[in-house]
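Student: pasting the sequence and the predicted model now:
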Amino acid sequence: MLITGFPAGMFATNCYLVSADAEPGGPGGDCVIIDPGQDAEEQIVALCAEHGLNPVAVLLTHGHLDHTWNAEKVCRRYGIPCYIHPADRPMLADPSKGIGRALGAMVGVLDFHEPDKVIEFADGDELELAGLRFGVDLAPGHTQGSVLLGIDVPDAGEPDGEPVRVTFAGDVLFQGSIGRTDLPGGDHQQLLDSIAAKLLPLPDDTLILPGHGPQTTIGAERATNPFLAGIGGAGGADGPAKGRYGL
C-alpha cells in the first residue's frame, strides 16, 4: 500500500494520500485524500500522476481552514465527496466560525464554499473507501468535530504478522505537543480527555500521522510528551495549555 503526502500552505498542514493498491513507484489504484490545505491541489495532482492514483474521497480531520482550504477545489476537480463531522461542517463555507475574528480578518476577502457533495460521519463509523476501512473516532477539544481516522496496515518488517495501526490525528496530538484550544470551540480539558480515552489506550507501536510536523508513535508520546503528564498513565512534565502547531 501507499501512504504519501506533503506539508501544504503557510501553515505547513500535512496533506496525505492513502491507497491500498499502490506502491511507491509502482502501479496505481484508488486513493483517499486527507486534509487538502492551502495550495494543496497542484501537489495532489502531481502525486496522483506520479503514482497513477484515482482519488475517490476527501476526508477531513476537522474544519479549520488550514486543513480544508482546497477541499472544494479538489472535490470538484475529481468529482468526489467530502467527509466531515457535522459539528465542524459550518466552517467549510464560513471559516471564521472556527478561527475567530482576528484570524478571520486575514482571509475575509476570500470566498469559500462547501464541496458539491458533503457526507457527515459520526463517532464509531467505519468507512470503506479505496480498499481500506477507516475507523472514525470523535476526539473533541481542538474543535468540537475533530476526528481520528484509523486504518490497519501490514507491518513492513513482518508482513505475515499483526498489522500496525495508523492514525491520522489531525490537530489532536503532535510529536511533543497537542492541538491549541484557544480558538472557538476549543476546550483544553476536553482535548486531554479525548486523548486519554481514544489515543493513549492504543498499542505503543501505533503510528500517529499528525496534521502538522513529523510522525510519531503512541509509545513515544505516552513516555515523553510534556502535555500528557498525568493523564492515562502517561509520563512527561506539566506543559502549558496552548498547543504548538497550526490553527
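Tutor: Right, received. Where do you want to start?

Student: quick one: the one residue sitting closest to the centre of the chain and D123, what's the gap?
Tutor: Taking Cα atoms, centre = their mean, the centroid of the chain lies closest to G170, which sits 3.1 Å from it. In this view, G170 and D123 are 14 Å apart by Cβ to Cβ, to the nearest Å. All C-beta spots, glycine's among them, are computed from the backbone N, C-alpha and C.

Student: same check on H85?
Tutor: Taking Cβ to Cβ, one finds H85 at 8 Å from D123.

Student: looking at the two, which is more packed in?
Tutor: H85 (24 against 13; other Cβ atoms under 10 Å).

Student: circling back to that earlier point, now do the shared contacts for H85 and D123.
Tutor: Shared contacts of H85 and D123, defined by Cβ atoms under 8 Å, 6 or more residues apart in numbering, comprise L138, V147.

Student: just checking, T4 is part of a helix?
Tutor: No. The assignment for T4, made by DSSP: H, G, I helix; E, B strand; the rest coil, is strand rather than a helix.

Student: not counting residues beside it along the chain, what's closest to it?
Tutor: Excluding its sequence neighbours, the residue lying closest to T4 (Cβ to Cβ, 6 or more residues apart in numbering) is L17, at 5.3 Å.

Student: what's the following helix or strand after the helix or strand of the chain with the lowest mean pLDDT?
Tutor: Lowest on mean pLDDT, DSSP states H and E among the helices and strands of the chain sits helix 96-106, with a mean of 74. Using DSSP states H and E, the helix or strand that directly follows helix 96-106 along the chain is strand 118-120.

Student: just the residues contacting that following strand, thanks.
Tutor: In contact with strand 118-120 (Cβ under 8 Å, 6+ apart) are residues P81, C82, Y83, I84, H85, P86, R89, L92.

Student: buried among these? Make that a ChimeraX selection.
Tutor: Filtering the contacts of strand 118-120 down to the buried ones (16 or more other Cβ atoms under 10 Å) takes a single ChimeraX command:
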select :81,82,83,84,85,89,92
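
Student: out of the contacts of strand 118-120, list just those in strands.
Tutor: C82, Y83, I84 (DSSP state E).

Student: which of those residues lies closest to H188?
Tutor: Proximity of the ones in strands among the contacts of strand 118-120 to H188 was ranked by Cβ to Cβ; the top entry is I84 with 23.0 Å.

Student: quick one: secondary structure of the residue of the chain most remote from its centre?
Tutor: Most distant residue from the mean C-alpha position of the chain: D160, 28.1 Å away (Cα atoms, centre = their mean). Three-state assignment for D160 (three-state DSSP): coil.

Student: if we can go back for a sec, closest to T143 among the contacts of strand 118-120?
Tutor: Using Cβ to Cβ, these come closest to T143 at H85, 8.6 Å.

Student: quick check: the nearest residue to the closest one once chain neighbours are set aside vs E221, distance?
Tutor: Spatial nearest neighbour of H85, chain neighbours left out: G145 (3.4 Å); criterion: Cβ to Cβ, 6+ apart. Distance of G145 to E221, given as Cβ to Cβ: 22 Å.

Student: count the neighbours of G150 for me.
Tutor: 21.

Student: right, I'll leave it there.
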